Every structure is written in C-alpha cells, then in structure tokens.
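[1] no letters, just coordinates:
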C-alpha cells in the first residue's frame, strides 16, 4: 500500500514536471492546466486587497498575463502557488498605488429626500463578491499561521476594514493572517526583510483592531440554516410589504447602513428607520430575488412599475448577528451581471 502511494505521488510529480516543461516552451494549454487550479483563490486574494470585484478581475488578468510572460524564469525554488501569489500581490499593490479608484457618487434616487447621514464613507469603491464564485476558493489549505476563518475573511465588514490599511500593511496582513504564509515567504514575495514584514504586520493588526465591529456580538447563524432562513424570510416580508415596524424589529440598536459608491452612511436603529421610511413613503415597492454575497444573504432589489415589470435598482447584502440584522449594504445594479441577475422581471 505504501509503495503504491509513493508511486502515485511520483506519477503526479512527473506529470507536473512535464506540464511545466511544456508551458515554459510556450504551450498555452499546459500553462492553463498548471494555473487553473489556483485561479479562483487568486481572484479572492485580489478582491480582499482591492475591495472591488471588477478591480480584482482586472488584477487577476494582469497576474495571469505576467505569469505567462515570465514563466521561463520560474526556477522552482518556491512553489508555483507561492510564485503566483507573489505576482498577484504586486499587481494589486501597483493598482493601489496608482489610485485609480471608482469615484464617489452624489445622491441619485429621484423623489426621495433622505435624512442627514451620520457619516460619509471613505470606501466608496467597495463591491460585493458573488458566493457562487467562492466554491473551491476559500476551502484551500491554509498555512499554519492563518488567524482568520476563511468565511470571516471574505465578509463585507472584514474586506471594508482592510481597505483603510496602507498598501504594504494590507498585503502583509492578508498573506500572513488570512493565508498563513510564513514571514520569510512574505518577505520574499515583497522583496523585503523578515523584520520589515513583522513590523508591518504589527501595525496592520493594531489598525484593524481599531476598525473592526464591536466585540461581543453574537455570531451570525450558519449559512442556509433554519435560523438564517427565518431572519431572511422576515426581512423579505417586511421589505416587500413596506412594513416599517416589522423591519425595525429585525434591526440591532447599532445597525449600520451604507450604499457605495454613494458615501452616505447611517448608524443606529432610529436613523436607519427614518431612511427606510423615506423610501416607503415615496410609494416605492419592491420584489426581492435571493442570492448570496461575501458569505452573506443578499437580494437583487427590483422596483415595481405600473406596466407589470420590475426593474433592478440595486443589490442588498445583510450582515447578521444572532437573530438580528446589524448591517445593510446597498450596491448599484451594475453588479447584477456578476450575480447572474436579470435587469428586469415580471412582477408577481
């Protein structure tokens, strides 16, 4: 049995070596066979660094192009996966330093006068990540020094908090605490010293701790569990029927609402209730189509029209704690294609 296993391992290594030789000689199919198993996790890595699904897609394409062009220089001293992470991380750092960010937008919902926001958000380029693309991307083996659960590290709250970090600290924290690479591996990826990596990580952890949600919150219910389903069903009934009292009963006292790329933020049950009341008072009624984003319940929101057609106006993502909603994030309908959502549908 042991000999059989060793033979299997040797066979796999021989096949991988053959693929590498062919890829380095210019065989595109061999290159795709080598890199495709890492593609989805690299996309998630780029998303964590950039906070934008579209920017992550662009960075991933740049990574694959750079890997293809530079494959002949791959010497095997590090694993192919580590080499690809090095390229992806540096492509993301280039993107962060170029400061090509989606600009903030002004309020653009006609016929509605919102209450005064309690704050103006800085991370207006934030976009959601479709759960359907997470399959196989957050179940990869992590290094021994990873500190975060993979589901937590893709949540909107975590990704938003990451965006306030300086680029180098951001890269170090993700590579060390999320993915579990050793300090010397990270130093090699960033052309830095181990001491510099440790210093950046210490500062990043302190900054992130200051910006994370309040400690002591109940954890969210498990995905697709009866508990989550119950909260989601109550939210859908309240929102589709414009039942403000039922909606408010689902919110925590410190509930937080944001709507990137518009910078308006509302914190606290009373002001969020006033915001939702301004929507419902305008006579706007919605149909909600369920989906999932960032490991969280989400909905395509469709505004009903008199012609019997509901038009997609945005994507809502819920953040849950216990049996309550502690955050509601609204994104524009430009994210619909990533979720496979139609632009419009027939009203029920």
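    Nice, thanks for sending it over. Small disclaimer: the values here were computed from a predicted structure and weren't measured. Residues are numbered from 1 along each chain as shown.
[2] for the residue lying closest to residue 310 once chain neighbours are set aside, what are its contacts?
    Once flanking residues are discounted, residue 310 sits nearest to residue 302: 3.5 Å by CB to CB, 6 or more residues apart in numbering. Any C-beta I mention is one placed from the backbone N, CA and C, and that applies to glycine too. For residue 302, the contact set (CB atoms under 8 Å, 6 or more residues apart in numbering) comprises 286, 287, 288, 289, 310, 311, 312, 313, 344, 345, 347.
[3] can you list the strands that the helix or strand hosting residue 302 pairs with?
    Counting by DSSP states H and E, the element that carries residue 302 is strand 296-304. Partners of strand 296-304 in the sheet, by DSSP bridges, are strand 286-293 (antiparallel), strand 309-321 (antiparallel).
[4] how about a markdown table for the ones you listed, with mean pLDDT added?
    Formatted as a markdown table, the strands paired with strand 296-304 follow (pLDDT from 0 to 100):
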| stretch | mean pLDDT |
| --- | --- |
| strand 286-293 | 96 |
| strand 309-321 | 96 |
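[5] so which of the ones you listed is nearest residue 95?
    Nearest of these to residue 95, taken as CB to CB: strand 286-293 at 21.8 Å.
[6] tell me which residues are up against the closest one.
    For strand 286-293, contacts defined as CB under 8 Å, 6+ apart pick out 128-132, 156, 223, 232, 236, 239-240, 297-304, 310, 313, 315-317, 339-341, 345, 347-348.
[7] all strands of the stretch 201-348 of the chain, in order?
    251-259, 262-267, 286-293, 296-304, 309-321, 324-332, 344-346 (DSSP state E, counting those that start in this stretch).
[8] quick one: those as JSON lines, columns for distance to residue 80 too.
    As requested, the strands of the stretch 201-348 of the chain are exported to JSON lines (distance: least, CB to CB, whole Å):
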{"stretch": "strand 251-259", "distance to residue 80": "39"}
{"stretch": "strand 262-267", "distance to residue 80": "41"}
{"stretch": "strand 286-293", "distance to residue 80": "30"}
{"stretch": "strand 296-304", "distance to residue 80": "32"}
{"stretch": "strand 309-321", "distance to residue 80": "34"}
{"stretch": "strand 324-332", "distance to residue 80": "35"}
{"stretch": "strand 344-346", "distance to residue 80": "44"}
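[9] deepest-packed of the ones you listed, please.
    strand 296-304 (a mean of 23; mean count of other CB atoms under 10 Å).
[10] between that one and strand 324-332, how big is the angle?
    For strand 296-304 against strand 324-332, the angle by axes from the mean of the first three to the mean of the last three CA atoms, to 10 degrees is 60 degrees.
[11] give me the helices and strands touching the helix or strand where residue 30 lies, please.
    Assessed by DSSP H and E, residue 30 sits inside helix 28-50. On a contact count with 3 or more CB pairs under 8 Å, 6 or more residues apart in numbering; DSSP states H and E, helix 28-50 meets helix 2-24, helix 53-70, helix 80-98, helix 156-162.
[12] let's go with 6 Å and repeat that
    Contact partners of helix 28-50 among helices and strands, from 3 or more CB pairs under 6 Å, 6 or more residues apart in numbering; DSSP states H and E: helix 2-24, helix 53-70, helix 80-98.
[13] among those helices, which comes closest to residue 219?
    Here helix 53-70 is closest among the helices and strands packed on helix 28-50 (CB to CB), at 25.5 Å.
[14] can you list the low-confidence ranges for the stretch 101-250 of the chain?
    Within the stretch 101-250 of the chain, the ranges that satisfy pLDDT under 70 run 212-215.
[15] all the helices of it, residue numbers only.
    Listed in chain order, the helices of the stretch 101-250 of the chain (DSSP state H, counting those that start in this stretch) span residues 156-162, 167-173, 183-189, 194-211, 226-240, 244-248.
[16] deepest-packed of these, please.
    Neighbour counts (mean count of other CB under 10 Å) averaged over each of these peak at helix 167-173, with a mean of 23.
[17] distance between that helix and the chain's centre?
    16 Å (CA atoms, centre = their mean, to the nearest Å).
[18] return the list of helices and strands in contact with it.
    Contacts defined by 3+ CB pairs under 6 Å, 6+ apart place helix 167-173 against helix 80-98, helix 194-211.
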